[in-house]
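J.: Return a 3D structure for these sequence lines:
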Amino acid sequence: QVHLAESGGGLVQIGDSLTLSCVASGATDSAYAVGWFRQAPEKEREFVAAINYNGLRREYVASVEGRFTISRQNHKNMIFLQMDDLNPEDTAIYYCAARTQAALGSSYLRTSDYAYWGQGTQVTVSS
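T.: Down below sits the predicted model:
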């Protein structure tokens, strides 16, 4: 069992930057790939970014490519999402999620590809 806890959300202005953090606890001795998802009001939870265990592979949804950066520090059991040039369409609750495999493979876009989830952190971009 892996427990995830996000932090770092908040209210920002258009064009601002924000870094979300996710700390993992529990069965962290196992290697696992991690993803960030977000859910805006009245919308489905959507994939944002993912990273494999060794950090060499990173994937992003097209709408955040070039603005968001996912990274991780395995020795601290932490995963980060650096978000730059934020806009109102980025407003959502952001969730950290972990797979039970170290690799992303071909299935990393769906919520069902991830076994563990955090409670989420709210990001609001004011216009």
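
J.: and the residue nearest in space to the middle of the chain, what is it in contact with?
T.: The structure's the chain has its C-alpha centroid closest to Trp36; by CA atoms, centre = their mean the separation is 2.0 Å. Trp36 makes contacts with 20, 22, 48-50, 70, 79, 81, 94-97, as judged by CB atoms under 8 Å, 6 or more residues apart in numbering. Every residue, glycine included, has its C-beta placed from N, CA and C.

J.: May I ask which of those residues has the most neighbours?
T.: The most crowded member of the contacts of Trp36, judged by other CB atoms under 10 Å, is Ile79 (30 neighbours).

J.: doesn't that one fall inside a strand?
T.: Yes: counting by DSSP: H, G, I helix; E, B strand; the rest coil, Ile79 is found in a strand.

J.: quick one: contacts for it?
T.: Ile79 sits next to 21-22, 24, 34, 36, 51, 70-72, 96 when contact means CB under 8 Å, 6+ apart.

J.: of the contacts of Trp36, closest to Ala40?
T.: Comparing the contacts of Trp36 against Ala40 with CB to CB places Tyr94 closest, at 10.3 Å.

J.: what helix or strand does the closest residue to Met78 other than its chain neighbours sit in?
T.: Nearest-residue entry for Met78: Val23, 5.4 Å, with adjacent residues in sequence omitted and distances by CB to CB, 6 or more residues apart in numbering. Per DSSP states H and E, Val23 falls inside strand 18-26.
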